[in-house]
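requesting a structural model of the entry that follows:
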Amino acid sequence: MVAGTGKPESDVEIERGVAVPMRDGTILRADVYRPGASGRFPVLVERVAYELGARVGAYGPYYAQRGYVVVGQNVRGAYASEGELAPFRDDGSGAHQDGYDTVEWAAAQPWSDGNVGMLDGSYSGFTQYLVAPTRPPHLRALSPRESGGDLYRDWVYRDGASQLYFTRSWTLQTCLGWLSHPPTAALADGARERLQRALSEGLEPLLAHLPLNECPPLEGVPLVRWYFDHLSHPDDGPTGKNLAWLPDTPK
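You can find the predicted model right below:
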């Protein structure tokens, strides 16, 4: 049974690891939850850097039971999605526009009626805000929560000060998840073990480490090169403006 619905999960078709091609040929992977009945349905998309089974699997069957298709996709470079991971760089109006391409892919599928919405919060709230200015023709609605629209002012820095506890703890814990699954596990080279040891000793030593632009457990890990780039550029500059949906908002 699907929790809270009284309906059998057999009424839901689930496809895992579905290939979603981007304009540059990169393949992003998605889990798709569809109503068991044949037909065309509105689509709900979540684009996120987290493990899809735990994230989208918590609500995908619920919406599929009610006549929606749910597409939960890992962003570029996360888990089984190809490409280089750099949070939010490729989700909005940059060179790749992965959010736009995903919405239009969802609209063109045989199970889609052409109406696409996006949902959920935190990381996937950012991916919604960033796709909005690109105006995919089939995007009908957004439902972000507990999120922001500016990487530098809402995530990395606050009034010019590094949000060290948030960014360091999030990067350490999330990177450990990435390195626990193929194909990103192949990039570990001992990094997963280093991260596990460091986290087992608690966050305090990692937060107190000086200088602040060093973090030994993360150094040399290709997946998190962007973390050190953020620390090295407290003034957002052109990079930060490309990662904001309101780039002209005063600091």
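
okay, buried residues for stretch 14-29 please.
V18, V20, M22, T26, L28, R29 (16 or more other CB atoms under 10 Å). Backbone N, C-alpha and C define where each C-beta goes, glycine included.

any chance you could map the strands in the protein?
Counting by DSSP state E, the chain has strands at residues 12-21, 27-35, 41-48, 69-74, 112-121, 139-145, 157-158, 161-162.

where does pLDDT dip in the stretch 1-150 of the chain?
Along the stretch 1-150 of the chain, the parts satisfying pLDDT under 70 run over 1-10.

what residues sit buried inside stretch 117-133?
Buried residues in stretch 117-133, counted by 16+ other CB under 10 Å: 117-120, 122-132.

who's in contact with that stretch?
Counting contacts by CB atoms under 8 Å, 6 or more residues apart in numbering, the residues outside stretch 117-133 that touch it are 42-50, 55, 75, 87-88, 91-93, 99-100, 103, 139-149, 151, 155, 243, 245.

go again using 7 Å as the cut-off
42, 44-50, 75, 88, 91-93, 99-100, 103, 140-149, 245 (CB atoms under 7 Å, 6 or more residues apart in numbering).

any idea which residue is closest to the centre of this protein?
Nearest to the geometric centre of the chain sits V48, at 2.2 Å (CA atoms, centre = their mean).

wait, isn't that one in contact with R55?
Yes - V48 is within contact range of R55, at 5.9 Å (criterion: CB atoms under 7 Å).

now for P137, how many residues are close by?
Counted with other CB atoms under 10 Å, the burial measure for P137 works out to 10 neighbours.

spatially nearest residue to it (excluding sequence neighbours)?
Take P137 and drop its neighbours on the chain: the residue closest to it by CB to CB, 6 or more residues apart in numbering is E104, 7.1 Å away.

shouldn't the one you found be in contact with R135?
No - under the contact definition of CB under 7 Å, E104 does not touch R135, with a separation of 11.0 Å.
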